[in-house]
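A.B. asks: here is a sequence together with a model predicted from it:
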Amino acid sequence: MEAVSKNPRPTKIAKYPSKSKNPNRNSTPIRKPNNHQSNQFPSHLDTPNVSSTARTLCNLLTRTSPQDIDSALSSSKIHPSEECVHEVLKLSYNYPSSAIKFFRWAGRLRKHSAHSWNLMVDLLGRNQLFEPMWDAVRTMKQEGVLSLPTFVSVFQSYCMASRINEAVMSFDVMDRYDVEKNVVAVNSLLSAICREENQTSAAMEFLENKVKGKVELDGDSFAILLEGWEKEGNAAKAMSTFGEMVIRIGWSQDNVAAYDALLMTLLRALQFNEVVTFLKVMKEHDCFPGLKFFTNALDVFVKRNDAAHAIPLWDVMVASGLLPNLIMYNAMIGLLCNNGEIDHAFRLLDEMVLHGAFPDSLTYNMIFECLVKNKKVRETEQFFAEMIKNEWLPTASNCAVAIEMLFNCDDPDSALQIWSYMVETHVGALDVSANMLLIGLCKLKRLSEVRRFAEEMLDKRIIIYESTMTKLKEVFYKESRSASTRDKFDNLYRRWKAHVKL
């Protein structure tokens, strides 16, 4: 690190390991972040709970001119602890030159920890100061503190700078720095590559050219690749990679991330039949994706109103032992109700309590609405009674459509029962239901009840629509031969008129 300490600017590497190519040679010089990029990393100004000593040092580094930083640090009389050095370095990524001077100064006061060195390597790499970064790596080797996390940082910095080839070349020289090229190292580089946009093919090329036959891959290796294909939306490559995974490492319940990634890729590609097929194959091998996948899949099926694929997916999920929560049950029941799958909806309603998910108002109202929509008269009446028993009240809008349906299906008694319940329990706005009730009674020529209910509604200041009064007038004048009956309607009409003016 001495070269870095003496000169914060990029310097030529004195000697790169023999028989290997220097990743920094023949590359385009990288500029340091310019002014509008200066806040790309966290600083002491926007980070909470910064220690007072670290804040003092950060203020010194950012407010002192570069040529005066060394003397200012020496004059500060501060002896930062190891933790304080870590804290200052983490907050100095925006000021690499100042950070180098601070690192050199702190190193005179106490020997740097491996973590401090790793932070310095990361800081230099993230600022694309790659030659000073390698100076630090070589010094770490001399100090005996170089390890895999250092190279993980190198991989990430090169990949973030879109220099994938140099990241791979850094992997090539790991053994010359006495760091093992094991599967963790491979996975670290794979992760760094796949994190960048549209680079999963480069990760596959790295495996083919540098790893095949040398390092045994594990489930994490394939999960990283499959997550890369998922991000790129490449279903064909995902299925090919998954097939290779099964051949090379077999089936394992530990590979949930890989299963999730494959299925999500197929799902987003709208290959629903393949999703269901792979789920069944996974079930045969006692391997399942996680609950997160099923939640995302259900969301896709709900948005597409696709109950046909949602039902087998749900059955596989429950059979795997994963317990859906109330939100998932409501989403599935809503989807089933929208598709008229009322028997399936009732099955889920019955089983959800057994899985620790207790139905709520939304659950009951979705099923109630479905029964009404499909003119299930007897079931509507029975389910209404169950809702009242379980103290989950139907919504005012559901009550209104239920009253209309029951009158149209010749069950006025049940309609009147719902109306009485609404009045007694103050369900909500009664206007729509009130008008449905009056029109329904009027169609049945039950005029005395029409007058009585209308009077009660006016007493309660419930709004009776003008269109409703027009229909009532037509029926009253057409059906009633008695002048007194017409007079009673006229009195009702005048009262309604006065009520409207209020």
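C.D. replies: Received, thanks. Nothing here was measured: the structure is a model prediction, and the numbers come from that model. Numbers count the residues shown, from 1 in each chain.

A.B. asks: and the closest residue to Met317 other than its chain neighbours, how far is that from Glu230?
C.D. replies: Spatially, and ignoring its direct neighbours in sequence, Met317 is nearest to Phe294 (4.6 Å; C-beta to C-beta, 6 or more residues apart in numbering). Placement of C-beta: from N, CA and C, glycine included. Distance, Phe294 to Glu230, by C-beta to C-beta, to the nearest Å: 16 Å.

A.B. asks: go on, Asn408?
C.D. replies: Counting by C-beta to C-beta - Asn408 and Glu230 are separated by 50 Å.

A.B. asks: more crowded one of the two?
C.D. replies: For Asn408 versus Glu230, the count of surrounding residues by other C-beta atoms under 10 Å is larger for Glu230: 23 against 14.

A.B. asks: got the contact list for the more buried one?
C.D. replies: Ala238, Ala261, Leu262, Met264, Thr265, Arg268 (C-beta atoms under 8 Å, 6 or more residues apart in numbering).

A.B. asks: make it 7 Å
C.D. replies: Ala238, Ala261, Met264, Thr265 (C-beta atoms under 7 Å, 6 or more residues apart in numbering).

A.B. asks: equivalent analysis for Gly334, please.
C.D. replies: Contact analysis of Gly334 by C-beta under 7 Å, 6+ apart lists Met366.

A.B. asks: any idea which element it lies in?
C.D. replies: Assessed by DSSP states H and E, Gly334 sits inside helix 326-338.

A.B. asks: could you say what helices and strands the helix or strand just after that helix packs with?
C.D. replies: Next in sequence after helix 326-338, counting helices and strands by DSSP H and E, comes helix 342-352. If contacts are counted by 3 or more C-beta pairs under 7 Å, 6 or more residues apart in numbering; DSSP states H and E, helix 342-352 sits against helix 326-338, helix 361-373.

A.B. asks: tabulate the ones you listed (JSON lines), appending distance to Met317.
C.D. replies: Below are the helices and strands packed on helix 342-352 laid out as JSON lines (distance: least, C-beta to C-beta, whole Å):
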{"stretch": "helix 326-338", "distance to Met317": "9"}
{"stretch": "helix 361-373", "distance to Met317": "18"}
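
A.B. asks: tell me which of those sits nearest to Ser170.
C.D. replies: Closest to Ser170 of the helices and strands packed on helix 342-352, according to C-beta to C-beta: helix 326-338, at 44.6 Å.

A.B. asks: in that closest one, what counts as buried?
C.D. replies: Using 16 or more other C-beta atoms under 10 Å as the test for burial, helix 326-338 gives Leu326, Met328, Tyr329, Asn330, Ala331, Met332, Ile333, Gly334, Leu335, Leu336, Cys337, Asn338.

A.B. asks: same question for stretch 81-98.
C.D. replies: Going by 16+ other C-beta under 10 Å, stretch 81-98 has these buried residues: 84-98.

A.B. asks: chain center to it, what's the gap?
C.D. replies: 33 Å (C-alpha atoms, centre = their mean, to the nearest Å).

A.B. asks: let's verify the residue nearest the centre of the chain: helix, strand, or coil?
C.D. replies: The centre of the chain sits closest to Asn296, judged by C-alpha atoms, centre = their mean, with a distance of 8.3 Å. Here Asn296 is recorded as helix under DSSP: H, G, I helix; E, B strand; the rest coil.

A.B. asks: next one: the residue lying closest to it once chain neighbours are set aside from Ala257, what distance?
C.D. replies: In space, and not counting its chain neighbours, Asn296 is closest to Met264: 6.4 Å by C-beta to C-beta, 6+ apart. Met264 sits at a distance of 11 Å from Ala257 (criterion: C-beta to C-beta).

A.B. asks: those two: which is more packed in?
C.D. replies: Per other C-beta under 10 Å, whichever of Met264 and Ala257 has more neighbours is Met264, with 23 against 18.

A.B. asks: for that one, give me the backbone phi and psi.
C.D. replies: Note on Met264: backbone dihedrals following degrees, to the nearest 10 are phi -70, psi -40.

A.B. asks: from Ala331, how far out is it?
C.D. replies: Counting by C-beta to C-beta, the gap from Met264 to Ala331 is 17 Å.

A.B. asks: ok, now which ones touch the residue nearest to Met317?
C.D. replies: Residues near Phe294 by C-beta under 7 Å, 6+ apart: Leu313, Met317, Leu322.

A.B. asks: hey, C-alpha coordinates of stretch 117-133 in CSV?
C.D. replies: In CSV, the C-alpha atoms belonging to stretch 117-133 read as follows (Å, rounded to 0.1, in the frame of the first residue of the first chain):
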residue,chain,number,x,y,z
TRP,A,117,-7.6,-3.3,4.1
ASN,A,118,-10.7,-4.8,2.5
LEU,A,119,-12.5,-1.5,2.9
MET,A,120,-9.6,0.3,1.2
VAL,A,121,-9.6,-2.1,-1.7
ASP,A,122,-13.3,-1.8,-2.1
LEU,A,123,-13.1,2.0,-1.9
LEU,A,124,-10.4,2.2,-4.6
GLY,A,125,-12.2,-0.3,-6.9
ARG,A,126,-15.6,1.4,-6.6
ASN,A,127,-13.8,4.6,-7.7
GLN,A,128,-12.2,2.7,-10.6
LEU,A,129,-8.7,3.3,-9.3
PHE,A,130,-7.7,-0.2,-10.2
GLU,A,131,-3.9,0.1,-10.2
PRO,A,132,-3.8,1.5,-6.6
MET,A,133,-6.3,-1.2,-5.8
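
A.B. asks: return the set of buried residues in the helix or strand Trp314 falls within.
C.D. replies: Trp314 is part of helix 307-319, with elements assigned from DSSP H and E. By 16+ other C-beta under 10 Å, the buried positions in helix 307-319 come out as Ala307, His309, Ala310, Ile311, Leu313, Trp314, Val316, Met317.
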